[in-house]
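Visitor: Got a sequence here, can you model it:
(chains A and B)
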Amino acid sequence: MLRYIGRRILIAIPTLVIVSVLVFALQKLLPGDPVLTMAGEERDPQVLEYLRERYRLNDPLPVQYLAWISAAVTGNLGISLRTDIPVLELILGKLPVTIELAIMAMIVAFAIGIPAGIISAVKKGTTVDYAANVIALSGLSIPNFWLGIMLIMLISVRWQLLPASGFVPPSEDLWLNIKTMLMPAFVLGTGLAASLMRHTRSAMLGVLRSDYIRTARAKGLLSRKVILKHALRNALVPIVTLSTLLFGELLAGAVLTEQIFTIPGFGKLIVDAVFNRDYAVVQGVVLCTAVGFIFMNLLADVLYVLVNPRLRHAT
Amino acid sequence: MRKLPLIALTAGLLMSTGVTAQTLRIGLNEDPDVLDPHRARTFVGRIVFTSLCNKLVDITPDLKFTPELATEWSWSDDGKALTFKLRPGVTFHDGEKLDAAAVKTNIERARTLPDSLRKSELTSVESVDALDDMTVKINLSRPDATLLSQLSDRAGMIMSPKALANADFGQKPVCSGPFKFVERVQNDRIVLERFKEHWDAKNYNFDRIVFQPIPDTTVRLANVRSGNLDILERLAPSDVPAVKSDAKLTFAPVSGIGYQGLTINTNNSDRAKSPLGQDKRVRQALELAIDRDVINEVVGQGIFPPAGQPFPEASPYNEKKFAANKRNVEKAKQLLKEAGVDRVKFELTFGTSTTTQQISEIIQAMAAEAGFDISLRATEFAAMQKEAQAGNFQVNAIGWSGRVDPDGNIHPFVSCKGGLNDGKYCNAEVDKLLNEARIINDETKRKQLYNSAQAILKDELPIIYLYYQPWPFVHTKKLEGFKPYPDGMIRLKGVKLAS
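Guide: Numbers count the residues shown, from 1 in each chain, chains lettered A, B, ... in the order given. Predicted structure coming up:
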C-alpha cells in the first residue's frame, strides 16, 4: 500500500510542473497590463517602469517562470501586487474559509442526496421516485447565483433570519459563523446533492437487483436491514469515489457561491486576482488548488482500494 | 454539553446587538488596494483613508477648501510658494506628534518614492522647508493652481514618519485621522476604531468602523435592507425605485465631480483614421444624435444629470453656455451630409457592466437614426485600459472619477501629452490655454481661460461628455447627520446611529 501511494506521489510531480507552466503561460496571454491596472489613473512612465522592474515583468518569460517556481518550492509565493500581502498568508487565510464552506456543503449534499437516492431506488417507478428525480433535475439546473440571490431576498431581506452575506470567523463568534455559512452551504450543497442522488439511485438499483439481496429478502430479513446494511454498503463504493471527485466541482461552485455571498475564500480570491491581474496571487492559488486536487484524487484511489478488497491485491 | 448551543445562541445574540449600537458598517463596491495613501489607486481606498488619515486641507460640499491639519495657508506673491500653519496638538495613531518635519517627510516621500502614484500630482514641488515647528513652506518650480486641491486628497495625507519606516506600512497604516487601523482581511473587511486622542474626537460618534467590500450591487443593497450594513456607496440605478419606496431606507445621492463620456480616437494609431476620428462634423453629428435625457431617465433613473463639459455643476468653473446639447437628428444628418458621408461605421468599446452595456445599446439605437452603424464590444476593464493606451479603439465609453480642481478633469485628457489622453487629441491652442490656467490662482481669470479652451473642445469634440457620475448612497433611517459630498467620500463628522 505504501509503495502504491509513493508511486502515485511521484507521478503527481510532473503533473504539477505541467500545471504550473500552463498557469504561468495562460495568464500571460490574458489581455491587459498588470502595471497599468496597478497604477490606476497614474500614467507616469517612470513609475510604470519601476513597477515593471520591481515585479520582474520585463524579464523573458522563462526567466520569470524559473524565478517564481524556484521561490515557490521553498514556500515563497511572492506578494500580492495589489495589497502587498504575502500570497502564502492570503492563501492560508482563505483556505479554512473555503474548506468550511466545502465541508458544510458536503454535509448538505449527503444529507439530501443519499437518502433521496435510496428512497428513489427502493420506490422505483412510483410517484416518489419521479418526484425525487424532478427535484434532483431542478437542483442540477437551477443556477447557483439565482438560487443564492433568491435566498438572500427571501431569508435575509424579507424574513431577516440570516445575514445576507459576509463571513465571521468561528473563533470570533461560532453561532454567527454558522448563521452566515448556512445559505451558501445550502446553495453549493444542493447542486451536488442532485448528482449524488442520481448516482446513489443508479448504484442502489444495480445492487438491489443482485442475487444476494434476493436471497436476503427470501431469508425473511427486515426490508430496512436489507436496504441499509446489505445494499447500501455495497452501493457506497462508487459513491465514495464520486464524493472525492466532487471536490473539483465543489471548488468551481465555491467560486460562484463566494462571489454571491461575499465570502472571503479561495474562489473569491482567485476571481478578484484575475480581474486585477494580480499574477502572483493567481499563480499561487492555482498551484495550491492543483496540489489539493491531486491529493484528493490520490485519496480517492486509496479509499477505493480500502472499500474494495478485490483491488488490494492488484496494487 | 446540552447547554452549549444555548450559550452560543445567547452569546451570539448579545454580541450582535451590542456591536451594532456603536459600530458603523459601510458597504463598499470593491476591496481597496494597498492602504498607503502614496501608493494607493482605488476610489474605495480613498473612502477608507477619509476616516483613517487626516490631510492638510479638506473640501466643503461646494468644493471650497477648509482647514484640517493646516489651520491656515497663504500663497507668496509670485505664486511659487505655499505656506501652511499646522494645527497644534495633533498626534498620530502611534503617539508621535505632528509637526512641520513630519509634513516635510511625507511630501518628500510622495514625490520621491519610486512607486508613488502621487508623483504627477506634485510635479511643481521643488522643495519643502520646515520654517518652524508648526510652519511648512512648499517651494514650487512654477506657479501651480492645482496644488491645494492635490493636497486636499491623498497627496496631502500625513502619515506618521516613524511608521513610514516599516516595510509593511501598506498593511498597517498609521495616520492621524479620527479612526485608527485595527485589522484587514482581504476581500472581507477593514476595521478601524475610534482614536480617542484625535483633535476633533468629540465630533465623531462611532467606536468602530467596518468597511465591507461587496461587489454585487444587489447583495450590497440586500445587506442594508436586512440590517447587516448601515450605509452603502454606489447603488445600481435600477434599484433606485425600490429604495425610494422602502420606508426604512434613506436615498442620499449627490452629483459627483466625475463624468462618463465617449473618448474618440482622433490621433492614436491607424484606428483613428476613420471619418469619425478625422472629421469634427461627424463627431458633432454623433453628439447631436444622442439624447442624454433618455440615458438619464431610462438607465439612470434620474440620477445621471446630462453633461456637456468636464466640470461638474458644483464647480465654479462650470459654464452654462457649454451645457449639454439637446438631441437634433435632422441637424446630425445635415452635418454628415456636409462631411460627405452617408453612413458611418465604428466600434464602441465599453467595460463590462450592466449600466454601460445599457447606455451603449441606447446610444447604438439613437445614433442609428442619424446615420451611424455602431458595433458594440464589451470588454473587461484591464484589457480595455491597455488597448486604449495602445490606440486600439475607435470610441471608448469611459469615465473619470473627477478631481476638485478643474485642471484634473481636463488637462490629462485633452492636452497633447496628457497622461490619460488615449485618443491623442492635440491642439496647440488648447494646450496653451490649459497650461496657462494651471499656473493662475485667480478664479475669474482661470475661468476665462477654461471657457476659451472649452469653446474649441466643444467644436472639435475629442470627448463627448454624457453625464456626471453620481454617488448614490443608501443608508438606514437610523443613521443621522450623513451628508453626501460631490467627491463621493464618506465623512463621519457629526454622523451617528439613533438608538
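Visitor: who touches the residue nearest to B:Glu443 when sequence neighbours are not counted in this structure?
Guide: The shortest distance from B:Glu443 to any residue that is not its chain neighbour, by CB to CB, 6 or more residues apart in numbering or on different chains, is 6.1 Å, and that residue is B:Pro316. All C-beta spots, glycine's among them, are computed from the backbone N, C-alpha and C. Contact partners of B:Pro316, counting by CB atoms under 8 Å, 6 or more residues apart in numbering or on different chains, are B:63, B:443, B:447.
Visitor: tell me the phi and psi of B:Pro316?
Guide: With angles defined as degrees, to the nearest 10, B:Pro316 shows backbone torsions of phi -70, psi -10.
Visitor: and what of B:Ile231?
Guide: Main-chain torsions, B:Ile231, degrees, to the nearest 10: phi -150, psi 150.
Visitor: Kindly report the same for the one 5 residues further on.
Guide: Recorded main-chain torsions at B:Ala236 are phi -70, psi 130, according to degrees, to the nearest 10.
Visitor: And for the one 10 residues further on?
Guide: Note on B:Asp246: its backbone torsions stand at phi -90, psi 120 [degrees, to the nearest 10].
Visitor: Also the one 3 residues further on?
Guide: Backbone torsions of B:Leu249, given as degrees, to the nearest 10, read phi -120, psi 150.
Visitor: again with B:Thr66
Guide: According to degrees, to the nearest 10, B:Thr66 has phi -140, psi 150.
Visitor: so what's it up against?
Guide: When contacts are counted by CB under 8 Å, 6+ apart, B:Thr66 is found next to B:57-60.
Visitor: Can you read off the pLDDT for the residue nearest to B:Glu443?
Guide: pLDDT, the model's per-residue confidence, is 92 for B:Pro316.
Visitor: same question, A:Ala300
Guide: The predicted local confidence for A:Ala300 comes out at a pLDDT of 76.
Visitor: Show me where chain A has its strands.
Guide: Under the criterion DSSP state E, strands are not mapped anywhere in chain A.
Visitor: Chain neighbours aside, what residue packs nearest to residue 254?
Guide: As the question left the chain open, I've gone with chain A. Taking CB to CB, 6+ apart as the measure, A:Ala254 lies nearest to A:Gly267, with 4.3 Å between them; neighbours along the chain are not counted.
Visitor: That was the other one, I meant chain B.
Guide: Computed as CB to CB, 6+ apart, the closest residue to B:Val254 that is not its neighbour in sequence is B:Pro484, at 3.8 Å.
Visitor: With B:Glu387 instead?
Guide: For B:Glu387, the nearest residue in space outside its immediate sequence neighbours is B:Phe393; the separation is 5.7 Å by CB to CB, 6+ apart.
Visitor: mind putting the contacts of B:Pro316 in CSV, neighbour count included?
Guide: Supplementary listing: these in CSV, determined by neighbours: other CB atoms under 10 Å in any protein chain shown:
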residue, neighbour count
B:Leu63, 20
B:Glu443, 12
B:Lys447, 19
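Visitor: Tell me which of those fall in helices.
Guide: B:443, B:447 (DSSP state H).
Visitor: Output the below-cut-off pLDDT ranges for chain B.
Guide: When residues are selected by pLDDT under 70, those of chain B lie in B:1-21.
Visitor: one more time with 80
Guide: Low-confidence segments of chain B, defined by pLDDT under 80, are located at B:1-21, B:499.
Visitor: gap between B:Ala236 and B:Ser353?
Guide: To B:Ser353, B:Ala236 is 9 Å away according to CB to CB, to the nearest Å.
Visitor: Looking at those two, which is more packed in?
Guide: Looking at B:Ala236 and B:Ser353 with other CB atoms under 10 Å in any protein chain shown, you find the greater number of neighbours at B:Ala236, namely 18 against 13.
Visitor: Enumerate every residue touching the residue positioned nearest the centre of chain B.
Guide: Averaging the C-alpha coordinates of chain B gives a centre point, and the residue nearest to it by CA atoms, centre = their mean is B:Ser401 (3.3 Å). Taking CB under 8 Å, 6+ apart, we find B:Ser401 in contact with A:41, B:43, B:256-258, B:469, B:488.
Visitor: rerun that using 7 Å as the cut-off
Guide: Applying CB atoms under 7 Å, 6 or more residues apart in numbering or on different chains, we find B:Ser401 in contact with B:43, B:258.
Visitor: Check the one 3 residues further on too.
Guide: Contacts for B:Val404 (CB under 7 Å, 6+ apart) come out as B:59, B:63, B:149, B:152, B:257, B:487.
Visitor: For those, give me a markdown table that also has distance to B:Phe49 and secondary structure.
Guide: What follows is the contacts of B:Val404, written out as a markdown table (distance: CB to CB, whole Å; DSSP: H, G, I helix; E, B strand; the rest coil):
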| residue | distance to B:Phe49 | secondary structure |
| --- | --- | --- |
| B:Ile59 | 14 | strand |
| B:Leu63 | 19 | coil |
| B:Ser149 | 16 | helix |
| B:Ser152 | 12 | coil |
| B:Ile257 | 17 | strand |
| B:Asp487 | 12 | coil |
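Visitor: top of the residues you listed by neighbour count?
Guide: Highest neighbour count within these: B:Ile257, with 29 neighbours (other CB under 10 Å).
Visitor: burial measure for the residue nearest to it when sequence neighbours are not counted, as a count.
Guide: On the basis of CB to CB, 6+ apart, the spatially nearest residue to B:Ile257 that is not a chain neighbour turns out to be B:Gly402, at 3.3 Å. Applying other CB under 10 Å, we find 22 other residues in the vicinity of B:Gly402.
Visitor: For burial, what's the neighbour tally of B:Ala247?
Guide: By the other CB under 10 Å criterion, the neighbourhood of B:Ala247 contains 6 residues.
Visitor: so which strand or helix has it?
Guide: Using DSSP states H and E, B:Ala247 maps to neither a helix nor a strand.
Visitor: what does B:Arg142 give?
Guide: Using DSSP H and E, B:Arg142 sits within no helix or strand.
Visitor: pretty sure it contacts B:Val125?
Guide: No - judged on CB atoms under 7 Å, B:Arg142 makes no contact with B:Val125 at a distance of 10.3 Å.
Visitor: Looking at those two, which is more packed in?
Guide: For B:Arg142 and B:Val125, the more surrounded residue by other CB under 10 Å is B:Val125, and the numbers stand at 22 against 13.
Visitor: phi, psi of that one?
Guide: Main-chain dihedrals, B:Val125, degrees, to the nearest 10: phi -70, psi 130.
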